[in-house]
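Q: Can you look at this prediction? I've put the sequence above it.
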Amino acid sequence: MTQPDLRVTIGGLVFKNPVLTASGTFGYGKEFAPYVNLHHLGGVVVKGISLAPRRGNPPPRIVETAGGMLNAIGLENVGLDRFITEKMPYLRGIGTRVIVNILGDSLEEYQTLGQRLSEIEGISALEVNISCPNVKKGGVAFGTDPTMAEAVTRAVCAHSTLPVIVKLSPNVTDITQIARAVEAGGAQAVSLINTLMGMAIDVKSRKPRLANIVGGLSGPAIKPVALRMVWQVAQAVKIPVIGIGGITTTEDALEFLLAGATAIEVGTANFINPRASQEIVEGLARYVTDNRLNGISEVIGGLILP
Amino acid sequence: MTQPDLRVTIGGLVFKNPVLTASGTFGYGKEFAPYVNLHHLGGVVVKGISLAPRRGNPPPRIVETAGGMLNAIGLENVGLDRFITEKMPYLRGIGTRVIVNILGDSLEEYQTLGQRLSEIEGISALEVNISCPNVKKGGVAFGTDPTMAEAVTRAVCAHSTLPVIVKLSPNVTDITQIARAVEAGGAQAVSLINTLMGMAIDVKSRKPRLANIVGGLSGPAIKPVALRMVWQVAQAVKIPVIGIGGITTTEDALEFLLAGATAIEVGTANFINPRASQEIVEGLARYVTDNRLNGISEVIGGLILP
Amino acid sequence: MKQYEKQAEIVRQEQLTPEIFRLTLKAPEIASTARPGQFVMVRTTPCYDPLLRRPLSIHQTIGDQQVQLMYKVVGKGTRLLAAMTSGQKLNLTGPLGHGFDLAGKQAICLVGGGMGIAPLYFLAREIMRTTSPPKCIVLLGARTATELGPLPRDFMDIGVTETHLATDDGSVGHHGFVAELLPQHLAPSHQWTVCTCGPHPMMKAVVGQCRQHGWQCQVSLETMMACGISACLGCAIPRADLSGPYLHVCKDGPVFKAEEVAWL
Amino acid sequence: MKQYEKQAEIVRQEQLTPEIFRLTLKAPEIASTARPGQFVMVRTTPCYDPLLRRPLSIHQTIGDQQVQLMYKVVGKGTRLLAAMTSGQKLNLTGPLGHGFDLAGKQAICLVGGGMGIAPLYFLAREIMRTTSPPKCIVLLGARTATELGPLPRDFMDIGVTETHLATDDGSVGHHGFVAELLPQHLAPSHQWTVCTCGPHPMMKAVVGQCRQHGWQCQVSLETMMACGISACLGCAIPRADLSGPYLHVCKDGPVFKAEEVAWL
Ligand SMILES: Cc1cc2nc3c(=O)[nH]c(=O)nc-3n(C[C@H](O)[C@H](O)[C@H](O)COP(=O)(O)OP(=O)(O)OC[C@H]3O[C@@H](n4cnc5c(N)ncnc54)[C@H](O)[C@@H]3O)c2cc1C
Ligand SMILES: Cc1cc2nc3c(=O)[nH]c(=O)nc-3n(C[C@H](O)[C@H](O)[C@H](O)COP(=O)(O)OP(=O)(O)OC[C@H]3O[C@@H](n4cnc5c(N)ncnc54)[C@H](O)[C@@H]3O)c2cc1C
Ligand SMILES: Cc1cc2nc3c(=O)[nH]c(=O)nc-3n(C[C@H](O)[C@H](O)[C@H](O)COP(=O)(O)O)c2cc1C
Ligand SMILES: Cc1cc2nc3c(=O)[nH]c(=O)nc-3n(C[C@H](O)[C@H](O)[C@H](O)COP(=O)(O)O)c2cc1C
Ligand code: FES
Ligand code: FES
């Protein structure tokens, strides 16, 4: 029997399969090497990188919720220079596409990151985080205002030679409006959703469970909201959509593909089951075979409306 | 030992305790009589009422999700006249406050509902649903635009002699903006959150699991988002806030009170545990006693920030 | 219409087939008030996933103390149920809904398919107890013989003299659909009342036969349910004429007159 | 640093006290590579609530086949664990983190409080095995005697000659905090290395004593953890000087040199 065809194309790049890992949930790839054959994945999106290193928020940074978790990591990362020198050499060898997730608190920072990373060998694309709800400055503002979102997209696209994926925030009234704005700004793809802003309180101490007070909700709990937004955005834009949000099983991944996503990212599920991403690749292969499809692309947007 | 004081005041009304039931999850009260001593509750918010009866959406109308559920009931209800003749006589006898949740397609419908219900004996307040995400027309538009939200509030307040609680939609970029608008419109209180818009797909049939395609997400899964919004709104407005969203236990209720809610509504939890609302009343009484508080009001807004 | 919410102790958990289990619970209030065709809502975990209770028909009551359920493992909730053992406690609400209506029925035929057989056993026992001389024919359908487990015997043991089987693979009884057995076994001479529960296509076929022969027919329907007590309005189904307000399976049913509901 | 994700069969589940359980699992890969102080992440349910794995220290390895955990029921995850029985399978990842460093240590004192004693038993066995003549003093603290269960005996059984106890209520051993035992039992003549695990205030007191007497001190810390493999960055703790990048308990720890971390 021939290998089922799981290939998908985003921003002119062919991915061996539509299964990527979500930024901030898969470290810099290496952490999962004991559990996953990285080269079996469609790609790895690394932890968000800023120009300078960031300490992130004080602890406690995470709390479990019903079917999900809140995180307020605060975008802790090693910064651009150490990422290039310490992380890229390993990433060049993992045998799959590397997507670098970037964030900044000014247009200039986004520009510089786009520019600098374009010069680095072994990077397939950029994912621009305009939506992380954990950091008080930057992040939020960009992702919730169409004009700002378009501006950031333009800034990165203008200074980068890499395909640009813009990652959208779900904490908005109309996510299709933001999606159209970044499409107009030149994005080759959009990925969604980032975390929903949430909060938890420790009744005994009467204090917030997160030092940052609020954090980002992720995991199976948010899947229905993510799926709805992916479906809406897939109809609103012409560029490919990457679905993210609570994806834990092959069935979850198929729901997002049917809703119109060209690829998906596995996030919190990596914590529950470090092999989740690879198991989904295997599951999709089985699905294509069992249903005698020519390829996974036949599933994309295949939702049948009543 | 004397009874702990659980009384709270909203819109000039004293409630015997801060535990209400959420609209659409407690029928018209009678359905829970086998499980709960209705007069032990702070109040009962009945299923949303429109001027004319509504059939609601075709089935399937509900689907379970991780830690939550999606519903697309479509505001099925008996309509104002039958509500008054068939439901109110029973509700007058339950020995606690009755709050009527109303919804309409037009300012006029909201007005008429406010006016007509003001003439009915046995109703303590109105809860104006400007946020139900299930009905394609009406609902959504009002709740997601500050100007519209303020207009509806004014319309109801102008034509009603009852205290008006406006129920907010979480599907917005900045819920404090909507809250301030309805406060300006004359609302005596706000209640939040209504459901988050979500979706689920049956991979086997490739069809949406809800005939309405999208539905409202409720249950423990959304609690972190609801708590965050209640905390934000409590700081943004002077009128009392009623917290709703995933409240299932006494601890959950305390989280919302600490975040600044003056009262809470129990929703989806009624399905999992029909006695949930009464158990929370009992739990709050125990909490006040065990912590030697003068009353539950000492808990409201008691969150200690780092 | 009394209803109860109870922590019921598990008296016995029996595995009848690889997928089918029979659960015996101590629930006096429910046992003493339940009618054939009614159901309970079972909480399968103290945690929030799976969140909702699961509706299960009452398979039989034993004396006025015990309630017996029969269920098939189809997903995570029933899988959690199957893992529970005697001594543990299970939270039940019930008895819920309206059961079968036997008032003045003389000749009754029960047609069950798959797990739809569960509530019919309770009904058969009631018929044996109340109608004399009991005229009751039982027709049972399944994909294959093993799927029926001990059920055919169970019916004979309570005195049902006429039990006929049908399987899709012919491994036992009639090789074909159970609905096809109706005209073979129901003497035109009688005013039959047919009570049926099972997969939708099966019930649709049964209803068709009854229309043809002018037999009365009562059907027990399934929908997704969140509350089981007519609070969520999630269990709506269209009326026969497809107009007017929806019926609600948990309150107006789960047992309906065949002509009340739409057969799409 | 090898790590594994395995379905481990439960060999034995023992209830030691009303709240404390000892779980023996068949996990050859982990058993043969684990070091004292390392931990595993345990998935407590196939469902999504509770969602995250739970970190549990390795209490001991038995041969190169079995891993033993000792846990206290404090919430829903550990409650689910306690309900599991031998024969069932449990998903484990591990061994994780860095353990205690015994290299060239001569005189070692282990100070454990509550469940913090769990990893110290593994460490004690390692000391008995590797250092000769083994110089190892064990100081155990708890709220009350029953909370210690069989642990004091366990240490004696493996040849620890000096085991001293302290309880808050004086029900056994010293009436007071375990840290107070250090100066009484640690001869100044030796270059002691103190390894401690337990409630934060207890460890803080132990660290204070060590500073005073110039003893080396290794502490095993706890934080909330989502991944256990340095992917989520959720387990951050501040460095001693409160500046610079945070340390991560799952990767840089859970065992740290006392002077590395801040004692707030
Ligand atoms: C009034 C009533 C009485 C019932 N009596 C019995 C009975 O006596 N014995 C028995 O085995 N089953 C009975 N059922 C069906 C039973 O409720 C479902 O099989 C059960 O809820 C599945 O739960 P789960 O978590 O195992 O499966 P899930 O993981 O929830 O779903 C697995 C599959 O089962 C289907 N399913 C889920 N819930 C329902 C539902 N409420 N009705 C139909 N299909 C569903 C899903 O669509 C999915 O395909 C009854 C249903 C109703 C409405
Ligand atoms: C490296 C490490 C090793 C550990 N080793 C052991 C051990 O050997 N034996 C043992 O009994 N416990 C150990 N713990 C603590 C154990 O992980 C928690 O008690 C457990 O996760 C609680 O889960 P739960 O679902 O039962 O409680 P939850 O319902 O999650 O919470 C109940 C209470 O426990 C607290 N809690 C939850 N998670 C943690 C955590 N990760 N650390 C500390 N407190 C927590 C919560 O704040 C809450 O107050 C260890 C923790 C870490 C980080
Ligand atoms: C611990 C943690 C850290 C994260 N860090 C980042 C980040 O650095 N950049 C980013 O764009 N998204 C980040 N995210 C968001 C995820 O990439 C993803 O969008 C979100 O978690 C929803 O997917 P999930 O439900 O599958 O986890 C993080 C999420 C978690 C849980
Ligand atoms: C089945 C169902 C029906 C609902 N109907 C209404 C309604 O008619 N009017 C309304 O304002 N809210 C309605 N809601 C929203 C709830 O009142 C509540 O705001 C929401 O479910 C969040 O609370 P919860 O998570 O505790 O359920 C409904 C919710 C559910 C689950
Ligand atoms: S199941 Fe809730 S109304 Fe029928
Ligand atoms: S627990 Fe995830 S990085 Fe330490």
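A: It's in. Ligands and ions are numbered 1, 2, ... in the order given.
Q: Wasn't residue A:235 part of a helix?
A: Yes: Residue A:235: assigned to a helix according to DSSP: H, G, I helix; E, B strand; the rest coil.
Q: And for it, nearest residue in space, chain neighbours not counted?
A: Using C-beta to C-beta, 6 or more residues apart in numbering or on different chains and skipping the chain neighbours, the partner closest in space to residue A:235 is residue A:260 (6.9 Å). All C-beta spots, glycine's among them, are computed from the backbone N, C-alpha and C.
Q: can you check residue A:216 too?
A: Per C-beta to C-beta, 6+ apart, closest to residue A:216 is residue A:195, 2.6 Å.
Q: now do residue A:297
A: Of all residues not flanking residue A:297 in the chain, residue A:8 sits nearest, at 6.3 Å (C-beta to C-beta, 6+ apart).
Q: is it true that the residue nearest to residue A:235 touches residue A:232?
A: No: here residue A:260 lies out of contact with residue A:232, judged by C-beta atoms under 8 Å, at a distance of 9.1 Å.
Q: re the thing from before, my read is that the residue nearest to residue A:216 contacts residue A:214, right?
A: No: with contact defined as C-beta under 8 Å, residue A:195 does not reach residue A:214; the gap is 10.3 Å.
Q: what about the two, which has more around it?
A: Using other C-beta atoms under 10 Å in any protein chain shown, the more surrounded residue of residue A:195 and residue A:214 is residue A:195, with 28 against 21.
Q: Report pLDDT for the more buried one.
A: Turning to residue A:195, the model gives it a pLDDT of 96.
Q: And it, how far from residue A:49?
A: Applying C-beta to C-beta, to the nearest Å, the value for residue A:195 to residue A:49 is 18 Å.
Q: cool, residue A:61 as well?
A: 18 Å.
Q: number of nearby residues for the residue in the stretch 51-200 of chain A positioned nearest to ligand 4?
A: Residue nearest to ligand 4 within the stretch 51-200 of chain A: residue A:66 (10.3 Å; C-beta to the nearest ligand atom). Taking other C-beta under 10 Å as the neighbour definition, residue A:66 ends up with a count of 28.
Q: so it touches residue B:223, yeah?
A: Yes: look at residue A:66 against residue B:223 with C-beta under 8 Å: they come within range, at 6.6 Å.
Q: Pull up the overlap in contacts between the two.
A: Counting by C-beta atoms under 8 Å, 6 or more residues apart in numbering or on different chains, the shared contacts of residue A:66 and residue B:223 are residue B:246.
Q: residue contacts, residue A:299?
A: By C-beta under 8 Å, 6+ apart, the contact set of residue A:299 is A:254, A:257-258, A:287-288, A:293.
Q: pLDDT wise, what is it at?
A: 97.
Q: Check residue C:105 too.
A: Predicted confidence (pLDDT) for residue C:105: 83.
Q: Quick check: residue A:21 touching residue A:270?
A: Yes: judged on C-beta under 8 Å, residue A:21 makes contact with residue A:270 at a distance of 6.5 Å.
Q: Tell me the residues that contact both of these two, please.
A: What both residue A:21 and residue A:270 touch, as defined by C-beta under 8 Å, 6+ apart, is the set A:32, A:277.
Q: ok, which residues in chain C are in contact with ligand 1?
A: By the rule C-beta under 6 Å from any ligand atom, the part of chain C lying against ligand 1 is C:39, C:50, C:54-57, C:70-72, C:74-78, C:115, C:118, C:222-225, C:254.
Q: Show me where the stretch 101-250 of chain A has its helices.
A: A:107-118, A:140-144, A:146-159, A:175-184, A:223-236, A:250-258 (DSSP state H, counting those that start in this stretch).
Q: can I get those in CSV with mean pLDDT and mean neighbour count?
A: Output for those, formatted as CSV (pLDDT from 0 to 100; neighbours: other C-beta atoms under 10 Å in any protein chain shown):
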stretch, mean pLDDT, mean neighbour count
helix A:107-118, 94, 19
helix A:140-144, 77, 22
helix A:146-159, 93, 21
helix A:175-184, 97, 22
helix A:223-236, 98, 26
helix A:250-258, 98, 25
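Q: looking at those, which is closest to residue D:148?
A: For residue D:148, the closest of those is helix A:223-236, at 44.8 Å, according to C-beta to C-beta.
Q: what angle sits between that closest one and helix A:175-184?
A: Compare the direction of helix A:223-236 with that of helix A:175-184 by axes from the mean of the first three to the mean of the last three C-alpha atoms, to 10 degrees and you get 50 degrees.
Q: Show me the contact partners of helix A:223-236.
A: For helix A:223-236, the surrounding residues in contact (C-beta under 8 Å, 6+ apart) are A:168, A:170, A:175-176, A:179-180, A:190, A:192-193, A:196, A:241, A:243-247, A:252, A:255-256, A:259-261, A:301, A:303, B:65-66, B:68, B:70, B:196-201, B:214-215, B:217.
Q: which regions of the chain sit below the pLDDT cut-off?
A: All of this refers to chain A. A:1-2, A:132-141 (pLDDT under 70).
Q: The chain in question should be chain C.
A: C:1.
Q: Output the longest strand along it as PDB, nothing but the C-alphas.
A: Counting residues, the longest strand found in chain C (DSSP state E) is strand C:4-15. Extracted in PDB, the C-alpha atoms of strand C:4-15 (Å, rounded to 0.1, in the frame of the first residue of the first chain):
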ATOM      1  CA  TYR C   4     -35.800  12.000  43.300                       C
ATOM      2  CA  GLU C   5     -32.000  12.700  43.300                       C
ATOM      3  CA  LYS C   6     -30.200   9.900  45.200                       C
ATOM      4  CA  GLN C   7     -26.800   8.400  45.900                       C
ATOM      5  CA  ALA C   8     -27.600   4.800  44.900                       C
ATOM      6  CA  GLU C   9     -25.400   2.000  46.100                       C
ATOM      7  CA  ILE C  10     -24.300  -0.500  43.400                       C
ATOM      8  CA  VAL C  11     -25.600  -3.900  44.500                       C
ATOM      9  CA  ARG C  12     -24.300  -5.800  41.400                       C
ATOM     10  CA  GLN C  13     -22.500  -5.000  38.200                       C
ATOM     11  CA  GLU C  14     -22.800  -7.900  35.600                       C
ATOM     12  CA  GLN C  15     -21.100  -8.100  32.200                       C
END
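Q: Give the pairing partners of that strand; include direction for each.
A: Sheet pairing for strand C:4-15, assigned by DSSP bridges, gives strand C:20-26 (antiparallel), strand C:89-96 (antiparallel).
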